[in-house]
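Engineer: What follows is a predicted structure for the sequence shown.
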Amino acid sequence: MSSEEVLWVEKYRPARIDDIIDQDHVKARVKEMLANGNIPHLLFFGPPGTGKTTMALAIAHELYGDAWRENTLELNASDERGIAMIREKVKEFAKTMPTVKAPFRLIILDEADNMTPDAQQALRRIMEMYTTSVRFILLANYPSGIIEPIQSRCSLFRFSPLPKDAVNNRLKEIASKEGVKVTDEALEAIWDVSRET
């Protein structure tokens, strides 16, 4: 895919924690953890579109720099919800050490609250077995969909809905960079549509 074909959501996704809009309480705690070199397993929860995936990927960028892709496994648990995905992909990745000077590799499980109970139990065992080589970042809309033994092994971070002004300012910035003229009515329509998801 050429740079002209990249979706704007990916083209303008912040790669640094400081560039993420809002979520200041999460940013401060995550930056403190990174500075201390003490990253536990993390559970990010909150409504869609609030920056959970962006924060997880920014952590990967901070930890591994240009080598973030080979040291990060990103899976959507709603696509592969079952125990086979945990046993095969996750366990194999967890067994190996990072390719750069970092204490562990990173596994990002999006929509983790859609995993089956059996898959979550298998995940809990992997979290216990491979604590020296891997850290998990679980992304969920609802923490109640994650079994308690996993929650207890994670630091929990709640992502709040983004303020309208912050969203509109980011949209104006992107439109300006793309040479697109955007009206207040268009911004209002985008805001309304984004609230429906």
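Structural biologist: On my side now, so go ahead.
Engineer: hmm, which helix or strand of the chain has the shakiest average pLDDT?
Structural biologist: Sorting the helices and strands of the chain by mean pLDDT, DSSP states H and E puts helix 83-85 at the bottom, at a mean of 72.
Engineer: which of the residues in stretch 172-184 are buried?
Structural biologist: By 16 or more other Cβ atoms under 10 Å, stretch 172-184 has no buried positions at all. Heads up, the C-betas are built off the backbone N, CA and C, glycines and all.
Engineer: so how far is residue 55 from residue 100?
Structural biologist: Going from residue 100 to residue 55 by Cβ to Cβ, to the nearest Å gives 21 Å.
Engineer: more neighbours, these two?
Structural biologist: residue 55 (23 against 14; other Cβ atoms under 10 Å).
Engineer: Surely residue 157 is within a helix?
Structural biologist: No - going by DSSP: H, G, I helix; E, B strand; the rest coil, the assignment for residue 157 is strand, not a helix.
Engineer: Provide a list of residues in contact with it.
Structural biologist: Going by Cβ atoms under 8 Å, 6 or more residues apart in numbering, residue 157 touches 26, 29-30, 42-45.
Engineer: ok, now with 6 Å
Structural biologist: By Cβ atoms under 6 Å, 6 or more residues apart in numbering, the contact list for residue 157 reads 26, 44.
Engineer: And for residue 170?
Structural biologist: residue 21.
Engineer: Break this protein down into its structural domains.
Structural biologist: 8-161, 163-197 (automatic domain parsing).
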